[in-house]
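Student: okay, here's the prediction I keep looking at, along with the sequence it came from:
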Amino acid sequence: MALYHGSGTIIREYLTLKPNKSMCSGCYCNDYNYGLGGAKQCWSFEKAKVVDKEAYPNINCNDSQRKKYKKTLSCYHGVNK
């Protein structure tokens, strides 16, 4: 899954696809799926939807450099690496 800065803007929702935790890989909050702070899972996962998003690949981009990310989670919050 691609990583990006921030949560992005949802441009399409896939109504028939179900989220799975492998889609959380790289998310800022994914550690909660593995018990960080005693959590059983990320608090956003139950309400997550599979979507396409537009987001900035890093904090130094302008609007013309936004990229589309396909089939990610609505709650996915990317990080710069």
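Tutor: Okay, I see it.

Student: how about the strands in this structure?
Tutor: Across the chain, reading from the start of the chain, the strands by DSSP state E fall at 5-13, 50-56, 67-73.

Student: so what strands line up beside the second one?
Tutor: Each strand that strand 50-56 pairs with, and the sense of that pairing, follows from DSSP bridges: strand 5-13 (antiparallel), strand 67-73 (antiparallel).

Student: between the strands of the chain, which gets nearest to Ser22?
Tutor: If you check each of the strands of the chain against Ser22 by Cβ to Cβ, strand 67-73 wins as the nearest, at 10.4 Å. Placement of C-beta: from N, CA and C, glycine included.

Student: with just CA atoms, put the closest one into PDB.
Tutor: Presented in PDB, the C-alpha positions along strand 67-73 are these (Å, rounded to 0.1, in the frame of the first residue of the first chain):
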ATOM      1  CA  LYS A  67      -1.700  11.500  -6.200                       C
ATOM      2  CA  LYS A  68      -4.600   9.000  -6.400                       C
ATOM      3  CA  TYR A  69      -4.400   5.900  -4.100                       C
ATOM      4  CA  LYS A  70      -6.700   3.000  -5.000                       C
ATOM      5  CA  LYS A  71      -8.500   0.700  -2.600                       C
ATOM      6  CA  THR A  72      -7.300   2.000   0.700                       C
ATOM      7  CA  LEU A  73      -9.200   2.500   3.900                       C
END
